[in-house]
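**Q** coords below, sequence missing:
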């Protein structure tokens with residue numbers, strides 16, 4: 001039987017939208033030698049300076065200098081020395097009323113993710129640390145390594161403004177016992193764009209479709225017919241493509257592009273009033289059967305499970321295939337830039353609907369307004385000397401004044417405001433070869449190329465869309481061929497019915513041990529590898545998807561992977577679900 005620690009190391013990549021949180025914790029105040037901050041309430045702005053909330057008690061710091069160690073990742077570009085990062089410290093010092101002496105421990109993002117849990121297991125916790133492992137860190141909080149923020153909620157007025165707008169509210173962030181061990185990552189979606197950045201569209205060779213009077217598919221039956229028509233173009237030499245369908249990378253199973261079409265999912269999720277493991281549902285089997293027919297017809301590139309990302313780019317840009325069902329925002333634009341044939345044009349259309357199930361579900365639909373998400377965040381050492389100041393410091397990163405500066409920079413220099421109060425980046429940024437890289441030079445986080453302050457801080461969706469979402473060719477049956485941005489078009493073309501139940505789960509009150517148990521059924525959990533291995537066999541025909549015995553053996557195999565009883569995990573989740581938070 002594996003230990004919980006070993007299990008956590010296996011599931012560190014299970015960072016999809018969190019399903020598991022806890023009950024509301026009571027706000028308490030700390031005791032000891034204190035001073036009262038007689039300042040503006042709730043982090044409001046006065047005269048351009050934002051001050052810490054009133055009626056909170058702060059201990060005296062000898063010499064007025066707060067010394068901290070901050071352990072953070074660096075992304076494509078380090079924030080060190082950028083104007084935004086420097087201004088972040090000035091604003092923090094004004095807000096807290098102390099001088100900050102921060103030792104920054106920086107690690108490249110990929111290495112940071114790999115090493116974070118290993119460092120935590122060693123007991124080495126900096127005063128403040130970026131959390132890339134989501135709920136997995138709760139176990140270390142239970143062991144006393146991380147500060148229990150539930151004891152400092154009086155110092156978290158800005159953070160809870162994001163919490164209250166999140167699906168489930170405070171129940172989403174607190175653990176079953178009322179504890180809270182990290183600030184969850186924030187997101188601000190002012191225009192309520194419920195789009196997504198991946199697996200919400202199929203990419204098609206628009207140039208081939210236009211030249212042969214064809215259109216992207218709006219239904220599964222249309223897609224089947226379109227695949228046949230495209231194969232005919234290959235067979236008669238009209239198209240030089242080798243196959244109709246390709247996968248963008250082996251890192252994502254090709255079925256990821258189809259699960260939402262068949263109204264199932266490829267991990268644990270809540271649907272129709274109960275928790276379900278998608279890969280053993282009848283709908284998942286139906287989807288695999290459909291993919292098997294496509295593979296049996298020689299429509300799918302046989303390297304769909306072995307070709308890596310670079311191989312996918314090569315296939316897309318050299319005319320190897322005509323359709324790709326698994327891709328991210330920007331993929332089509334990137335392929336069009338790197339194409340080897342000047343006439344080639346990749347474009348996007350929303351996922352085909354199913355004749356029986358209706359509108360396809362998309363993956364990763366954003367919530368409106370302000371919200372938090374448990375996949376990333378920030379935790380504080382239980383041994384930090386002045387927790388009141390450190391909690392207030394992280395909380396201020398959720399203040400509108402700080403969020404705007406981190407995402408937009410400085411008025412007149414990096415952004416401008418129109419008569420309606422809308423912000424836009426200046427021409428020098430937007431007309432550059434790479435606006436995403438240009439804003440990063442200032443330390444602006446909108447493109448995620450660079451992240452100033454202590455990641456993760458709330459991302460402004462509009463700022464991100466401005467510099468990170470390039471226009472790409474799109475098609476829909478009403479407007480025909482046009483240009484649009486992935487996040488916006490996936491919302492506009494999908495509509496409210498396209499929001500997957502995976503993205504709007506109810507609240508579940510779980511202990512750290514129960515969270516680890518449930519993680520076995522989530523993305524990156526121990527069941528996923530078995531599912532992917534056997535789904536591949538069903539798709540290629542090595543296993544007969546129409547054989548009931550083979551399917552039941554597969555289900556038994558999936559259930560045998562967990563340390564805990566598989567069905568018992570689902571029952572545990574139901575017993576701890578707050579049914580009043582179920583989306584209608």
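**A** Now that the structure is in, tell me what you want to look at. No experiment lies behind these values; they were computed from the predicted model shown. Residues are numbered from 1 along each chain as shown.

**Q** which SS class is residue 379?
**A** For residue 379, the secondary structure call by DSSP: H, G, I helix; E, B strand; the rest coil comes out as strand.

**Q** which residues touch the closest residue to it other than its chain neighbours?
**A** Leaving aside its chain neighbours, residue 379 sits nearest to residue 182 (4.0 Å; criterion: Cβ to Cβ, 6 or more residues apart in numbering). In this view, the C-beta of every residue, glycine as well, is placed from N, C-alpha and C. For residue 182, the contacting residues are 131, 137, 141, 146, 149, 377, 378, 379, taking Cβ atoms under 8 Å, 6 or more residues apart in numbering as the criterion.

**Q** again, 7 Å this time
**A** Each residue near residue 182 by Cβ atoms under 7 Å, 6 or more residues apart in numbering is listed here: 131, 137, 377, 378, 379.

**Q** which pair of the residues you listed spans the longest distance?
**A** The distance between the two most remote of the contacts of residue 182 (Cβ to Cβ) is 10.3 Å, for 137 and 378.

**Q** where do the contact lists of the two overlap?
**A** When contacts are counted by Cβ under 7 Å, 6+ apart, residue 137 and residue 378 have 131, 182 as shared neighbours.

**Q** tell me the one of the contacts of residue 182 nearest residue 531?
**A** residue 137 (26.0 Å).

**Q** from residue 498, how far out is the residue nearest to residue 379?
**A** In this structure, residue 182 and residue 498 are 31 Å apart, going by Cβ to Cβ, to the nearest Å.

**Q** hang on, residue 534 packs against residue 556?
**A** No: using Cβ atoms under 7 Å, residue 534 is not in contact with residue 556, being 11.2 Å away.

**Q** of these two, which one has the most company?
**A** Counting neighbours by other Cβ atoms under 10 Å for residue 534 and for residue 556 shows that residue 534 has the greater number, 20 against 11.

**Q** now the more buried one: closest residue in space, sequence neighbours ignored.
**A** Excluding its sequence neighbours, the residue lying closest to residue 534 (Cβ to Cβ, 6+ apart) is residue 554, at 5.3 Å.

**Q** please work out which residues outside stretch 119-129 touch it.
**A** Contacting residues not belonging to stretch 119-129 are listed as 5, 68-71, 105, 137, 140, 145-146, 378-381, 384, 390, 394, 454 [Cβ under 7 Å, 6+ apart].

**Q** can you go through the residues you listed and name the buried ones?
**A** Among the contacts of stretch 119-129, those that count as buried by neighbour count (16 or more other Cβ atoms under 10 Å) are 68, 70-71, 137, 140, 145-146, 378-381, 384, 390, 394, 454.

**Q** JSON lines for the contacts of residue 182, including distance to residue 319?
**A** As requested, those are arranged in JSON lines below (distance: Cβ to Cβ, whole Å):
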{"residue": "131", "distance to residue 319": "43"}
{"residue": "137", "distance to residue 319": "46"}
{"residue": "377", "distance to residue 319": "44"}
{"residue": "378", "distance to residue 319": "46"}
{"residue": "379", "distance to residue 319": "49"}
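
**Q** contact partners for residue 359?
**A** Residue 359 makes contacts with 353, 494, 495, 497, 498, as judged by Cβ under 7 Å, 6+ apart.

**Q** would you mind measuring from the residue lying closest to it once chain neighbours are set aside to residue 478?
**A** The shortest distance from residue 359 to any residue other than its chain neighbours is 4.1 Å, reached at residue 497 (Cβ to Cβ, 6+ apart). Distance of residue 497 to residue 478, given as Cβ to Cβ: 16 Å.

**Q** so the residue nearest to residue 359, which state does it fall into?
**A** With three-state DSSP as the basis, residue 497 sits in helix.

**Q** pLDDT wise, what is it at?
**A** pLDDT, the model's per-residue confidence, is 95 for residue 497.

**Q** how many neighbours does it have?
**A** Each residue near residue 497 was counted by other Cβ under 10 Å, and the total is 10.

**Q** residue 72 now?
**A** Burial of residue 72 is recorded as 23 neighbouring residues (other Cβ under 10 Å).

**Q** let me see the domain layout of the protein.
**A** Taking automatic domain parsing as the domain assignment, the record places the domains of the chain at 17-190+369-408, 201-363+472-581.

**Q** does residue 387 touch residue 149 like I think?
**A** No: taking contacts as Cβ under 7 Å, residue 387 lies outside contact range of residue 149: 9.0 Å.

**Q** neighbour-wise, which of those two wins?
**A** Comparing residue 387 with residue 149 by neighbour count (other Cβ under 10 Å), the higher total belongs to residue 149, at 25 against 21.

**Q** how close does that one get to residue 112?
**A** With distances defined as Cβ to Cβ, the gap from residue 149 to residue 112 amounts to 22 Å.

**Q** what of residue 193?
**A** As defined by Cβ to Cβ, residue 193 lies at a distance of 29 Å from residue 112.

**Q** same check on residue 359?
**A** With Cβ to Cβ as the criterion, residue 359 and residue 112 are 38 Å apart.

**Q** go on, residue 397?
**A** Per Cβ to Cβ, residue 397 is found 19 Å from residue 112.

**Q** what does residue 169 give?
**A** Taking Cβ to Cβ as the measure, residue 169 falls 30 Å from residue 112.

**Q** between the two, which is the more surrounded one?
**A** Between residue 169 and residue 112, counting by other Cβ under 10 Å, residue 112 is the more crowded of the two (20 against 16).

**Q** for that one, which residues are in contact?
**A** For residue 112, the contacting residues are 73, 132, taking Cβ under 7 Å, 6+ apart as the criterion.

**Q** what strand or helix carries it?
**A** Assigned by DSSP states H and E, residue 112 belongs to helix 109-121.

**Q** so for that helix, what gets flagged as buried?
**A** With burial defined by 16+ other Cβ under 10 Å, the residues of helix 109-121 counted as buried are 109, 112, 113, 116, 117, 120.

**Q** cool, and stretch 457-471?
**A** The neighbour-count check on stretch 457-471 (16+ other Cβ under 10 Å) flags 457-470 as buried.

**Q** over to stretch 174-193?
**A** Within stretch 174-193, the residues that qualify as buried by neighbour count (16+ other Cβ under 10 Å) are 174-176, 179-189, 193.

**Q** for stretch 286-297, same thing?
**A** Within stretch 286-297, the residues that qualify as buried are 286, 287, 288, 289, 290, 291, 292, 294, 295, counting by 16+ other Cβ under 10 Å.

**Q** for stretch 397-417, same thing?
**A** Using 16+ other Cβ under 10 Å as the test for burial, stretch 397-417 gives 397-409, 414-415.

**Q** which stretches of the chain have low pLDDT?
**A** When the per-residue scores of the chain are filtered using pLDDT under 70, the ranges that remain are 1-55.

**Q** 50 instead?
**A** Residue ranges of the chain with pLDDT under 50: 1-49.

**Q** residue with max distance from the center of it?
**A** Relative to the centre of the chain, the most outlying C-alpha is that of residue 236, 43.0 Å out, by Cα atoms, centre = their mean.

**Q** ranges for the helices of the stretch 101-250 of the chain?
**A** Secondary structure of the stretch 101-250 of the chain by DSSP state H, counting those that start in this stretch: the helices cover 109-121, 138-142, 157-164, 170-173, 206-211, 220-235.

**Q** reformat those as JSON lines; add distance to residue 503.
**A** Written out in JSON lines, the entries for the helices of the stretch 101-250 of the chain read as follows (distance: least, Cβ to Cβ, whole Å):
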{"stretch": "helix 109-121", "distance to residue 503": "23"}
{"stretch": "helix 138-142", "distance to residue 503": "22"}
{"stretch": "helix 157-164", "distance to residue 503": "17"}
{"stretch": "helix 170-173", "distance to residue 503": "13"}
{"stretch": "helix 206-211", "distance to residue 503": "29"}
{"stretch": "helix 220-235", "distance to residue 503": "22"}
